[in-house]
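Enquirer: let's see this in three dimensions:
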Amino acid sequence: MKPFTRSLNTCAALAIVALAATHAFAGKNVLDVWYGQVPGAPESLLASQPQIWSFAFRPYGASAAELWSDPIMARNALAGVDAGGKSPTAVAVTCDADGFTVLVLCVEASLQGAIAKTNALPDSRCEFYIAPDDIDNRSMIPYYQFELGALNDGEFNHYPWIVEDRRMRTPTPYMDFKTRLLPNGYLHVVHFAWEAFWDKLPMKDRADNFWRLSLIRWSDGGVSWGGVVHEASRFGYIRFPRFTPEQRAEIRFRLLQRAWTRFRKLHAQPAYNTTRGWAAPWPREDKFIVDALDGLPETFIHYTQDPVFSLTLKKLVDERLALASGIATFKEMPPDEQEAFYSRASDMLFNFRYDVEKAYTRHVDDKLFAE
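Expert: Numbers count the residues shown, from 1 in each chain. Next comes the predicted model:
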């Protein structure tokens, strides 16, 4: 192939890649995640970090590319004053070494004098969807759906569309929600600990680490930051920062510490369970069962009493106890060793219960079907 022809082919290939990238972002919002701690009064970020807020909401169901807000209205909304009698919405996402936070500003034009007029404050309800990865591909990752209300006193609705397993956890045990009453509306603050997504951290080796976010506010006919309800293909993009090596190490180190604590607690008390009801092989400890078993001859044993399986259990425990030295020296490792150790250790520690269940199932199967 001649050099000139090869050059043309290269240019054509680059043009196709650029066109595909442009198409992926067409009509979708893109928001950069700000790295920094959310203060105790998170509404202070409205004034101190005005650049992190996106007002690019559109009427619910509209097909227009984007609806950029009037800059004066946006400025007034961030300043906490009347936004020209309108009720705009803004969203920001922050992250730090412990997790990430979704902040939703809901300006309420009817807030002033509402109690005198209606004997109640206006509610500000919205729902949002988050997918911990890009979903512009065929291997779509399930998204998480939540519903927020200004008058819910810290409670929120979670719609679990997925079955919890070792690779997909319900995030609610690692979430915190509160609503702040502002002079001109409300600020929803939803915090996620990284523990909910320990195996999906936005640290992939690529130019940008995108997750997907959609937010719909049900007021004034409804406004949307990412398509209509459940329209995953039009979710907006949130782009996480390029974490420094020090930030990556700190995030992973804190997660390993939490995983270690979780493993030791589970090992010390096998009945420990935060998100699921009893399931074998974990013991029953409710009073009726305990009292009944005390008065009956024992015709079975718990897995911790099985002299054969105890050898397997001890091996599983010892393998995890051996990780202690690596966790202690984690920050002294080179970055590539940190990544490899975290990948192995986090899976072993966070999924200890699943590994025990799997091993015990195999043990019982072998006994049942042994020739």
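Enquirer: going forward, measure contacts and count neighbours with C-alpha atoms only.
Expert: Will do.
Enquirer: ok, now which ones touch residue 186?
Expert: Contact criterion Cα atoms under 8 Å, 6 or more residues apart in numbering gives 105, 106, 107, 108, 124, 150, 179, 180 as the residues in contact with residue 186.
Enquirer: most surrounded residue in those?
Expert: Among these, residue 105 has the most neighbours (other Cα atoms under 10 Å), with 28 neighbours.
Enquirer: so it sits in a helix?
Expert: No. The assignment for residue 105 is strand, going by DSSP: H, G, I helix; E, B strand; the rest coil, so no helix is present there.
Enquirer: and the gap between it and residue 58?
Expert: Applying Cα to Cα, to the nearest Å, one obtains 15 Å for the distance of residue 105 from residue 58.
Enquirer: swap in residue 240?
Expert: 23 Å.
Enquirer: then residue 356?
Expert: Separation of residue 356 from residue 58 (Cα to Cα): 49 Å.
Enquirer: and what of residue 360?
Expert: Following Cα to Cα, the distance that separates residue 360 from residue 58 is 53 Å.
Enquirer: go on, residue 315?
Expert: Distance of residue 315 to residue 58, computed by Cα to Cα: 57 Å.
Enquirer: who has more neighbours out of those two?
Expert: Neighbour comparison, residue 315 and residue 58: the larger count goes to residue 58, with 22 against 12 (by other Cα under 10 Å).
Enquirer: if you tally nearby residues, what's the number for residue 320?
Expert: A count of neighbours around residue 320, defined by other Cα under 10 Å, yields 17.
Enquirer: whoops, residue 199 was the one
Expert: Around residue 199 there are 15 residues (other Cα under 10 Å).
Enquirer: helix, strand or coil for it?
Expert: Using three-state DSSP, the secondary structure recorded for residue 199 is coil.
Enquirer: where do the helices of the stretch 101-250 of the chain begin and end?
Expert: When assigned using DSSP state H, counting those that start in this stretch, the helices of the stretch 101-250 of the chain occupy the ranges 114-118, 245-268.
Enquirer: outside of the last one itself, which residues are in contact with it?
Expert: Counting contacts by Cα under 8 Å, 6+ apart, the residues outside helix 245-268 that touch it are 97-98, 194-195, 198, 203, 272, 317, 327, 330-331, 335, 338, 342, 345-346, 349-350, 352-353.
Enquirer: pretty sure residue 91 sits in a strand.
Expert: Yes. With the criterion set as three-state DSSP, the secondary structure at residue 91 is a strand.
Enquirer: next, count neighbours for the residue nearest to it when sequence neighbours are not counted.
Expert: Once flanking residues are discounted, residue 91 sits nearest to residue 104: 4.6 Å by Cα to Cα, 6 or more residues apart in numbering. The tally of other residues near residue 104 (other Cα under 10 Å) stands at 24.
Enquirer: distance-wise, check residue 104 relative to residue 34.
Expert: When Cα to Cα is the yardstick, residue 104 and residue 34 sit 14 Å from each other.
Enquirer: and residue 195, by the same measure?
Expert: Distance, residue 195 to residue 34, by Cα to Cα: 19 Å.
Enquirer: between these two, who's got more neighbours?
Expert: Of the pair residue 195 and residue 34, residue 195 is the one with more neighbours under other Cα under 10 Å, namely 24 against 21.
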